[in-house]
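Asks: Here is a sequence together with a model predicted from it:
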Amino acid sequence: MDGKDPTLLEKDREEDIVSAAGPDTAETEPEIEHLDEDDRLTHEFVEAVRDAVEEGDDGRVYDLVEPLHPADIADLFELVPAEERPDLGKAIAELMTGEVITELNEHVRDELFEALSPDAVAQIAEQLETDDAVALIEDLDDEEQRAVLAELGPEDRAAIEDALSFPEESAGRLMQRDLVAVPEHITVGDLIDYLRDNGDLTTEFWEVFVVDPAHRPVGTCQLSWILRTPRNIPISDVMKRDQTLIPATLDQEEVALRFQKYALISAAVVDASGRLIGQITADDIVHIIQEEASEDALLMSGAGEGDINQPIRESYHERVRWLIANLGTALIASLIIAAFGAAIEKLVALAVLMPVVASIGGNAGTQTMAVSVRALAMNQLTQSNTVRVLWREMRVAMLNGVTVAALIGGATALIFQPMLGIVIALAVVINIITAGLAGVAVPVLFDRLDQDPAVASSVFVTMITDSMGFFAFLGLAVASGLVS
């Protein structure tokens with residue numbers, strides 16, 4: 001040995017290894033985390049994709065996006081600016097499968113489809129299940145629909161045209177055409193052989209539908225029963241005859257309620273004559289439940305569709321009409337205040353406390369209205385129990401009113417004067433009881449008129465509570481002799 005420091009020798013060996021391996025190995029690009037702890041795409045990942053798109057490095061874009069789940073790829077399109085989405089789509093064209101398309105936000109999907117030819121849209125539609133293809137095509141303009149349908153194969157075109165003949169948001173639009181249906185005279189062994197030998201059958205199903213000669217469903221047979229039953233047993237001895245049948249014209253919200261009520265995994269869809277024409281599965285219902293819940297919450301506020309990807313002009317049209325309606329209802333409350341203008345001038349404390357009365361009543365009304373709208377949506381509030389529910393909410397309102405009135409009345413008596421404390425306490429009780437009544441009555445009235453009970457009910461409930469709050473408070477103040 002030459003006596004060189006062992007540490008330096010080790011360092012020399014490391015440098016030789018790095019030099020032999022080349023510069024690419026020595027400076028490996030750090031891996032970017034795709035998802036955070038909440039399974040959301042990280043900011044660093046999104047920015048890396050955007051930078052690669054801006055540089056025109058399609059290979060880099062593809063390598064970054066390829067490991068993602070289809071749902072995450074759809075989220076990525078929503079997170080990048082609209083002007084960058086076409087270039088992103090071109091860079092990962094091979095990854096734009098039917099699974100990704102079905103997960104895309106409808107507004108983002110429409111933007112991408114505007115740049116595609118009818119033939120390209122048709123090719124995407126042919127990759128999808130019938131219900132997903134219908135959801136894709138139904139949002140297109142009539143002219144675009146006809147152009148896309150013309151590019152489809154005869155079988156796919158016939159299935160989609162048939163689905164489009166049903167009302168929007170109905171079971172007919174939602175259902176899948178691919179299912180397994182067999183006659184009831186066969187045995188379990190015959191069924192197993194049929195499932196194994198017929199390569200054209202759908203590969204994803206949970207139960208087999210048993211039909212009569214007219215193709216009307218007479219029962220269902222779960223796959224677990226089939227696998228555990230001897231081959232010589234007739235299907236009619238194994239199948240479950242009680243089943244929930246879904247009319248093709250039934251609204252999708254009602255379909256979701258039936259799945260929830262009867263704990264269904266799948267259900268047969270029948271036409272007006274009772275013939276089996278499709279099935280709906282639980283995975284379809286998950287989307288419907290989320291969609292309907294979000295829709296009701298947004299409609300209660302008059303926010304329209306409430307999608308952050310919705311074009312600005314559409315958002316404006318949906319929201320401004322309810323703001324104008326709210327302006328009109330607010331004028332009613334203003335007229336009540338104006339009628340007591342002289343009293344307010346003599347006792348400034350009235351002006352100070354008026355917003356308190358109105359705010360408490362408005363919040364109480366919103367609480368009751370939210371409960372009522374949910375009960376109507378879940379079929380818990382019907383004509384059979386409307387009076388009972390109304391009386392229940394009135395009792396809750398009375399208890400809330402007395403509690404809040406005691407607090408605000410006591411504070412007002414200490415800060416201003418005892419009589420004013422009594423006046424505001426009575427006004428609060430009256431307004432909260434009115435809010436309870438309005439919170440039930442307004443949604444029920446909308447429902448009786450065959451209108452969505454969530455549609456801007458808050459605008460009318462707020463008008464009632466504000467008007468009653470001001471009228472009760474100012475009227476009691478005048479009647480009590482606080483002002484003359």
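Replies: Everything's here; your move.
Asks: can you tell me the helix or strand for the spatially most central residue of the chain?
Replies: The chain has Glu291 as the residue nearest its centroid, 2.2 Å off, counting by Cα atoms, centre = their mean. Glu291 is part of helix 282-301 when elements are defined by DSSP states H and E.
Asks: next one: Ile432
Replies: helix 418-448.
Asks: so what secondary structure elements neighbour that helix?
Replies: For helix 418-448, the elements it packs on are helix 348-377, helix 386-415, helix 457-479, judged by 3 or more Cβ pairs under 8 Å, 6 or more residues apart in numbering; DSSP states H and E. Where C-beta positions appear, they are placed from N, C-alpha and C, glycine not excepted.
Asks: Can you tell me how far the residue nearest to the centre of the chain is from Ala82?
Replies: 23 Å (Cβ to Cβ, to the nearest Å).
Asks: cool, and Pro443?
Replies: The spacing between Pro443 and Ala82, counted by Cβ to Cβ, is 37 Å.
Asks: Looking at those two, which one has more neighbours?
Replies: Comparing Pro443 with Ala82 by other Cβ atoms under 10 Å, the one with more neighbours is Pro443, at 30 against 14.
Asks: out of everything not next to it in sequence, what's closest to that one?
Replies: With Cβ to Cβ, 6 or more residues apart in numbering as the criterion, Pro443 has its nearest non-adjacent residue at 3.8 Å, and that residue is Pro453.
Asks: Could you tell me what pLDDT the model assigned to that neighbour?
Replies: What the model reports for Pro453 is a pLDDT of 77.
Asks: likewise the one 10 residues further on?
Replies: Reported pLDDT at Met463 in the predicted model: 86.
Asks: Next SSE downstream of the helix holding Glu291?
Replies: Sequence order places helix 312-339 as the next helix or strand after helix 282-301, per DSSP H and E.
Asks: Just the angle for that next one relative to helix 348-377, thanks.
Replies: Orientation of helix 312-339 against helix 348-377 (axes from the mean of the first three to the mean of the last three Cα atoms, to 10 degrees) gives an angle of 130 degrees.
Asks: From the chain's centre, how far out is whichever helix or strand comes after helix 312-339? Work that out for me.
Replies: Per DSSP H and E, the first helix or strand lying C-terminal to helix 312-339 is helix 341-346. Centre-to-centre, helix 341-346 and its host chain are 49 Å apart (Cα atoms, centre = their mean, to the nearest Å).
Asks: Contacts for helix 341-346 next, please.
Replies: Outside of helix 341-346, the residues within contact range by Cβ atoms under 8 Å, 6 or more residues apart in numbering are 337, 350-351, 474, 477-478, 483-484.
Asks: 10 Å instead, please
Replies: Contact with helix 341-346 is made by 337-338, 350-352, 354, 474-475, 477-478, 482-484, as judged by Cβ atoms under 10 Å, 6 or more residues apart in numbering.
Asks: I'd like to know which of these are buried.
Replies: Among the contacts of helix 341-346, the ones that count as buried by 16 or more other Cβ atoms under 10 Å are 337, 350, 354, 474-475, 477-478, 482.
Asks: of those, closest to Gln260?
Replies: For these, the minimum distance to Gln260 (Cβ to Cβ) is 44.1 Å, reached by Met354.
Asks: Distance-wise, check that closest one relative to Gly362.
Replies: According to Cβ to Cβ, Met354 and Gly362 sit 12 Å apart.
Asks: cool, and Lys90?
Replies: 51 Å.
Asks: higher neighbour count, these two?
Replies: Gly362 (20 against 13).
Asks: Quick check: the more buried one touching Phe460?
Replies: No. Look at Gly362 against Phe460 with Cβ atoms under 10 Å: they stay out of range, at 11.8 Å.
Asks: count of neighbours near Leu437?
Replies: 19.
Asks: Which residues are in contact with it?
Replies: 365, 368, 390, 393-394, 397, 461, 464, 468.
Asks: wait, which of these is closest to Ile312?
Replies: Closest approach to Ile312 among the contacts of Leu437 (Cβ to Cβ): Val461, at 28.6 Å.
Asks: How about the contacts made by that closest one?
Replies: Per Cβ under 10 Å, 6+ apart, neighbours of Val461: 300, 329, 361-362, 364-366, 368-369, 372, 434-435, 437-443.
Asks: Could you do Ala435 as well?
Replies: By Cβ under 10 Å, 6+ apart, the neighbours of Ala435 are 360-369, 393, 397, 400-401, 461-462, 464-465, 468-469.
Asks: Show me where the stretch 101-250 of the chain has its strands.
Replies: Here the stretch 101-250 of the chain has its strands, by DSSP state E, counting those that start in this stretch, at 181-183, 207-211, 217-222, 245-247.
Asks: so of the ones you listed, which one's packed in deepest?
Replies: Of the strands of the stretch 101-250 of the chain, the one with the most neighbours on average (mean count of other Cβ atoms under 10 Å) is strand 207-211, at a mean of 23.
Asks: helices and strands around it, which ones?
Replies: In terms of contacts (3 or more Cβ pairs under 10 Å, 6 or more residues apart in numbering; DSSP states H and E), strand 207-211 is packed against strand 181-183, helix 188-197, strand 217-222, helix 223-228, helix 235-238, strand 266-270, strand 276-281.
Asks: other SSEs contacting the last one?
Replies: So the one you mean is strand 276-281. helix 130-137, helix 154-164, helix 171-174, strand 207-211, strand 217-222, strand 245-247, helix 252-262, strand 266-270.
Asks: which is the next helix or strand following the helix or strand bottoming out on mean pLDDT in the chain?
Replies: Scoring the helices and strands of the chain by mean pLDDT, DSSP states H and E places helix 23-26 at the bottom, with a mean of 43. Counting by DSSP H and E, the next helix or strand C-terminal to helix 23-26 is helix 43-55.
Asks: which residues sit against that following helix?
Replies: For helix 43-55, contacts defined as Cβ under 10 Å, 6+ apart pick out 32-36, 40-42, 57-65, 68, 72, 75-76, 79-81, 84-92.
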